[in-house]
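Enquirer: pasting the sequence and the predicted model now:
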Amino acid sequence: MPAEDPSRRDGTAGGSTLVSEARESIAARPYAEGEPILEVRGLVKHYPLTRGILFKKQIGAVKAVDGVDFDLAAGETLGIVGESGCGKSTVAKMLVHLEPPTGGVIRYKGEDVTKLSGRALKAVRRNIQMVFQDPYTSLNPRMTVGDIIGEPYEIHPEVAPKGSRRQKVQDLLDVVGLNPEYINRYPHQFSGGQRQRIGIARGLALNPEIIVADEPVSALDVSVQAQVVNLLDRLQGEFSLSFVFIAHDLSIVRHISDRVGVMYLGRIVEIGTDEEIYDHPTHPYTQALLSAVPVPDPTAREYRERIILHGDVPSPAAVPSGCRFRTRCWKAQERCELEVPLLAVPAVFRDTDTPARHDSACHFAEEKRVVPPEGTLETPEPQDAPKPPRAAPSPDAGPSPDTPSPDRREPGEEDR
Ligand SMILES: Nc1ncnc2c1ncn2[C@@H]1O[C@H](COP(=O)(O)OP(=O)(O)OP(=O)(O)O)[C@@H](O)[C@H]1O
Ligand code: SF4
Ligand SMILES: [Mg+2]
């Protein structure tokens, strides 16, 4: 298994021109950090359910995505989390135009891109790229790494004219921490973590402004996950990228996200800054997800309330009336069956000035801290005497600040 060259992980070794070029092109862009680069409103994807072979008749629809709203600010990382089947990948595919939406609007820099076609669409697609979940199946085994990373230049030759492509690809390998001399190798000659680095390099090839990463670390060994998350984090700052980072559990996204949206059965049910979501969740589903986040410290674990959700996620072809979470919610009342809760600041928090004042689609939203906030756990002495404050471990999967960065590993260490 080939080892990486650690000297190349800062993305500037080997005389790389890519970062400076990318920076120049980013500097020329009109959008400033903090402005919404992407606005998603009422996004819907319904797949028709049909019966019959010759004469197909629609008998229903799989409501994979059923009215998703969010903004992505320039330079921001938005984490999207939710259980399997809640529609995360379908949202991702619509954002990068791999799937046409059934309804709703995706505005990129103010323009609705769902209506674009031809050259205008091609230009937008260049700026919104995807990193896929599975580095084993998303890379063509018959193509060299150089061909895989350089393939987008066939469609966008203006980004890298033919004579400069090899150098561009080598620069990209360098930026993601792989040895540029591996350009002629095939995917099977790399480990899972290294393959995901190749997928990331391909995503960066066209100097995009937005990267949609669909569970980029889920298929990787736990020990490698933090390395790839750290790489994405570093690239985000280096290239001023805006990120939509999809994961199925809250522990992975905390390390990298500025804001987090929690999805359930085709909709976002709660969205806010990472502090609002992790330390002041108000939606029962978010609270249940948080209660499942691994807490390594045994003392902190004692203070974590475990909420076990009963029943399965309903089929997206038969979404419950009213609140779609009501069949599993321990707080459900009659109103929940009759009235769809909107994603907005709940009335009870509207006039407050607390972190609980963020969008949550629940009629009976209530703040409930499930895990102790980072670094502030206070535990009482067994003999009633108050104990001095004790640092709670981060529930995220990323390394603590004291852990050496994987991007500064010793020579010889490598992704697995
Ligand atoms: N082409 C399709 N035709 C019919 N149904 C589909 C299609 N693609 C996805 N679905 C359904 O839409 C729902 C959402 O799927 P999606 O892949 O977006 O979920 P997900 O949140 O990404 O799940 P996972 O965490 O397992 O990747 C699922 O019920 C899935 O079966
Ligand atoms: S609206 Fe009702 S069912 Fe839905 S999450 Fe809130 S309390 Fe539970
Ligand atoms: Mg998925």
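Expert: Structure's in. What do you need? Numbers count the residues shown, from 1 in each chain. Ligands and ions are numbered 1, 2, ... in the order given.
Enquirer: up against ligand 2, what does the stretch 251-400 of the chain have?
Expert: By C-beta under 6 Å from any ligand atom, the residues of the stretch 251-400 of the chain that approach ligand 2 are 284, 323, 325-326, 329, 331-332, 336, 341, 362-364. For the C-beta atoms, the positions are set from N, CA and C on the backbone; glycine is no exception.
Enquirer: closest to ligand 1 out of those residues?
Expert: Taking C-beta to the nearest ligand atom as the measure, ligand 1 sits nearest to residue 325 out of these, at 15.2 Å.
Enquirer: dump the residues of the stretch 251-400 of the chain next to ligand 2 into JSON lines; add neighbour count and secondary structure as well.
Expert: Converted to JSON lines, these look like this (neighbours: other C-beta atoms under 10 Å; DSSP: H, G, I helix; E, B strand; the rest coil):
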{"residue": "284", "neighbour count": "26", "secondary structure": "helix"}
{"residue": "323", "neighbour count": "27", "secondary structure": "coil"}
{"residue": "325", "neighbour count": "25", "secondary structure": "coil"}
{"residue": "326", "neighbour count": "20", "secondary structure": "coil"}
{"residue": "329", "neighbour count": "19", "secondary structure": "coil"}
{"residue": "331", "neighbour count": "15", "secondary structure": "coil"}
{"residue": "332", "neighbour count": "18", "secondary structure": "coil"}
{"residue": "336", "neighbour count": "22", "secondary structure": "helix"}
{"residue": "341", "neighbour count": "22", "secondary structure": "coil"}
{"residue": "362", "neighbour count": "22", "secondary structure": "coil"}
{"residue": "363", "neighbour count": "19", "secondary structure": "coil"}
{"residue": "364", "neighbour count": "17", "secondary structure": "coil"}
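Enquirer: JSON lines please, covering those residues and showing pLDDT.
Expert: Output for these, formatted as JSON lines (pLDDT from 0 to 100):
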{"residue": "284", "pLDDT": "97"}
{"residue": "323", "pLDDT": "98"}
{"residue": "325", "pLDDT": "97"}
{"residue": "326", "pLDDT": "96"}
{"residue": "329", "pLDDT": "96"}
{"residue": "331", "pLDDT": "95"}
{"residue": "332", "pLDDT": "96"}
{"residue": "336", "pLDDT": "97"}
{"residue": "341", "pLDDT": "97"}
{"residue": "362", "pLDDT": "98"}
{"residue": "363", "pLDDT": "98"}
{"residue": "364", "pLDDT": "97"}
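Enquirer: would you format those as a markdown table with distance to residue 278 included?
Expert: Formatted as a markdown table, these follow (distance: C-beta to C-beta, whole Å):
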| residue | distance to residue 278 |
| --- | --- |
| 284 | 15 |
| 323 | 23 |
| 325 | 19 |
| 326 | 24 |
| 329 | 20 |
| 331 | 20 |
| 332 | 24 |
| 336 | 25 |
| 341 | 21 |
| 362 | 17 |
| 363 | 23 |
| 364 | 21 |
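Enquirer: what residue lies at the spatial centre of the protein?
Expert: residue 245 (1.3 Å; C-alpha atoms, centre = their mean).
Enquirer: quick check, residue 319 in contact with residue 264.
Expert: No - counting by C-beta atoms under 8 Å, residue 319 does not reach residue 264; the two are 10.5 Å apart.
Enquirer: between these two, who's got more neighbours?
Expert: residue 264 (24 against 15; other C-beta atoms under 10 Å).
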